[in-house]
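Asks: Sequence plus predicted model, see below.
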Amino acid sequence: MDIFEAITALTDYAEEENLIEHADRVWCINRLISALSLDEYKEVRAQGKYSLEEILSSVLDYAVSNGLCEDSVVYKDLFDTEIMGILTPRPSKVIDCFYEKYKESPELATAYYYRLCRKDDYIREYRIKNDIKWVTATPYGDIDITINLSKPEKDPKAIAAARNSVQSGYPKCQLCIENEGYSGRVNHPARQNHRIIPLKLNGENWCFQYSPYVYYNEHCIVLNSCHTPMKIDRAAFNKLFDFVKLFPHYFVGSNADLPIVGGSILSHEHFQGGNYEFAMAKAPIEKYVVFDGFDDVEAGIVKWPMSVIRLRGKNTDSITALGEKILNCWRNYTDEEAFIYAETDGVPHNAITPIARCRDGVYELDLVLRNNITTDEYPDGYYHPHPEYHHIKKENIGLIEVMGLAVLPSRLKSELDKLKTAILSDMNISSDEQLSKHAAWADYLKEKYIITKDNIDKIFEDEVGAVFAAILEQCGVFARNEEGMHRFLKFIDNIK
């Protein structure tokens, strides 16, 4: 379609999807022709029905051909986000609509907001659908595996431009509220179509938004309105429960507040949540424990590869008070025989990843015990994916993976496809530069299975899932055996 067809189709799309009202149409068209450096507009109807991806592709083709945009995924993303920002309702209107719908129900409000983020292309649905997903049965229940392909990789030209660009302190990070409407740059995504919902948590100003790279249904980010560092304490537990009380159909959790075991952005306090039930949430308590003075809180160790204490009850004040006791004890806890050190050379190692939810009026707080100690043998972290599994995943295990959803690197798509071909053709995997990292694992698979073209896909899915479960076990501070349980209970006995 030509550019006038694309402008007409794009405006039609925005009106049909309730991004704009009919009264906004002429204004939006004029904004679009300005962004495209056009002097005029002719209403030309497209011959057929086109998706948003197809319409934006035509707009980008025009922009590249006319020198408005470089032919690079990074620059195209900056440009088409500017285009979609023209068609996205102003923040005040989104907030008003959200809270009008909230009066009817929290579910209606989040459904409206999530749909907006998908239809205004903040969440690029046509990329999300390319993510590879499956479920693997493990001794801990069915866990989710994803190979995330929705975040585009920068091309060499954009990488060079980002390296040579002047570093800006605005916004301070990608979580700051100043991202709303920001035009972006080569080293920072454009956010003209981004809208944020303000909240009050524990008496503080917070905000609620969705992740542009949704890993699960309604994957949201809850962020402090101020650029302040991550901190796990009783106030953080209160904030988690305040959010769950506002949105009982959502869970919410936080990464730990230390490097290696924490999230990718420790400089800005934030949580992640959504409308999804992870395998860890389904996992039962396998060993109940009692804490003196907390008769109204049910507590126990969860049957999960990582070390998790679950607290349940109707009184969130009691749960957070007990959570604080457990956190303070864990921060200072050392058990040399279990290779747990609270600190070495003044550097703290113990932290907690908390997750809150509500089930039928009963509140739950899962406290995942983390430790980020490193050794000469494990410089990336002892309670971290060990080198034998780095061919599948080397990156940190954060909140989402703690709960049972593997976010695996995009490289695995091509590597695993190539590895399947190599195994079926009996190729020498060790001699291939890209595949040699998988050689030991491939030998293990060939010894374990009679592999055919009919069963290889299922074998790979099951065994990648098994690797992820084993990685989670490595990240657990107490081993999944009798001695590990003894050490876990010894820690619990220290909580006073």
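Replies: That came in fine, so what should we check first?
Asks: How many neighbouring residues does the nearest residue to residue 39 once chain neighbours are set aside have?
Replies: Spatial nearest neighbour of residue 39, chain neighbours left out: residue 33 (7.7 Å); criterion: Cβ to Cβ, 6 or more residues apart in numbering. Bear in mind the C-beta positions are built from the backbone N, C-alpha and C, glycine included. For residue 33, the neighbour count with other Cβ atoms under 10 Å is 16.
Asks: Residue 355 versus residue 234, what's the distance?
Replies: 16 Å (Cβ to Cβ, to the nearest Å).
Asks: The residue nearest to residue 39 sits in which helix or strand?
Replies: helix 25-35 (DSSP states H and E).
Asks: Equivalent analysis for residue 149, please.
Replies: Counting by DSSP H and E, residue 149 is part of no helix or strand.
Asks: helix/strand/coil for the closest residue in space to it that isn't next to it in sequence?
Replies: Leaving out its chain neighbours, the residue that sits closest to residue 149 by Cβ to Cβ, 6+ apart is residue 130, at 4.7 Å. On the three-state scheme (DSSP: H, G, I helix; E, B strand; the rest coil), residue 130 is labelled coil.
Asks: pretty sure residue 130 contacts residue 147?
Replies: No. With contact defined as Cβ atoms under 8 Å, residue 130 does not count as touching residue 147 (9.6 Å).
Asks: May I see the buried residues of stretch 66-76?
Replies: 69, 70, 72, 74, 75, 76 (16 or more other Cβ atoms under 10 Å).
Asks: Could you do stretch 478-487 as well?
Replies: 478, 479, 480, 484, 487.
Asks: what distance separates the start and the end of it?
Replies: In stretch 478-487, first residue to last residue: 7 Å (Cα to Cα, to the nearest Å).
Asks: Identify the residues contacting that stretch?
Replies: 287, 301, 305, 307, 335, 337, 338, 369, 473, 476, 488, 491 (Cβ atoms under 8 Å, 6 or more residues apart in numbering).
Asks: Which two of the residues you listed have the greatest separation?
Replies: Largest separation among the contacts of stretch 478-487 by Cβ to Cβ: 305 and 337, giving 20.9 Å.
Asks: Looking at the two, which has the bigger crowd around it?
Replies: Legend: neighbour count by other Cβ under 10 Å for residue 305 and residue 337, higher for residue 305 (25 against 8).
Asks: just the strands in the stretch 151-300 of the chain please.
Replies: Assigned by DSSP state E, counting those that start in this stretch, the strands in the stretch 151-300 of the chain fall at 197-201, 204-210, 220-224, 251-253, 270-274, 285-289, 298-302.
Asks: For the second one, which strands pair with it and how are they oriented?
Replies: Meaning strand 204-210. Sheet pairing here is set by DSSP bridges, and for strand 204-210 it gives strand 197-201 (antiparallel), strand 220-224 (antiparallel).
Asks: low-scoring pLDDT stretches of the stretch 101-250 of the chain, where are they?
Replies: Applying pLDDT under 70 to the stretch 101-250 of the chain flags residues 151-167.
Asks: where along it do the helices fall?
Replies: Per DSSP state H, counting those that start in this stretch, the stretch 101-250 of the chain has helices spanning 106-119, 125-128, 156-164, 234-246. These are given in chain order.
Asks: ok, back up a step: residue 234 and residue 355: which is more packed in?
Replies: Ranked by neighbour count (other Cβ under 10 Å), residue 234 and residue 355 place residue 355 first, with 25 against 16.
Asks: Locate the more buried one within the secondary structure: which element?
Replies: With DSSP H and E as the test, residue 355 turns up in strand 350-359.
Asks: State the mean pLDDT of the helix or strand just after that strand.
Replies: Moving toward the C-terminus from strand 350-359, the next helix or strand (DSSP H and E) is strand 362-371. Average pLDDT, strand 362-371: 98.
Asks: list the buried ones in strand 362-371?
Replies: Buried, per 16+ other Cβ under 10 Å, within strand 362-371: 363, 364, 365, 366, 367, 368, 369, 370, 371.
Asks: In PDB, could you pull the C-alpha coordinates for it?
Replies: Extracted in PDB, the C-alpha atoms of strand 362-371 (Å, rounded to 0.1, in the frame of the first residue of the first chain):
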ATOM      1  CA  VAL A 362      -6.200 -16.200  52.400                       C
ATOM      2  CA  TYR A 363      -3.000 -14.400  51.800                       C
ATOM      3  CA  GLU A 364       0.300 -16.100  51.000                       C
ATOM      4  CA  LEU A 365       3.900 -14.900  51.200                       C
ATOM      5  CA  ASP A 366       6.600 -17.100  49.700                       C
ATOM      6  CA  LEU A 367      10.100 -16.300  50.900                       C
ATOM      7  CA  VAL A 368      12.800 -17.800  48.700                       C
ATOM      8  CA  LEU A 369      16.200 -17.900  50.400                       C
ATOM      9  CA  ARG A 370      19.000 -16.700  48.200                       C
ATOM     10  CA  ASN A 371      22.800 -16.400  48.500                       C
END
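Asks: Note down every partner strand of that strand and its orientation.
Replies: strand 308-313 (antiparallel), strand 350-359 (antiparallel).
Asks: now those strands in CSV, with mean pLDDT and distance to residue 56?
Replies: CSV is the format used below for those (pLDDT from 0 to 100; distance: least, Cβ to Cβ, whole Å):
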stretch, mean pLDDT, distance to residue 56
strand 308-313, 98, 43
strand 350-359, 98, 37
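Asks: returning to what we had before: residue 130 and residue 147 - which one has more neighbours?
Replies: The neighbour count for residue 130 versus residue 147, taken as other Cβ under 10 Å, is higher for residue 147 (20 against 13).
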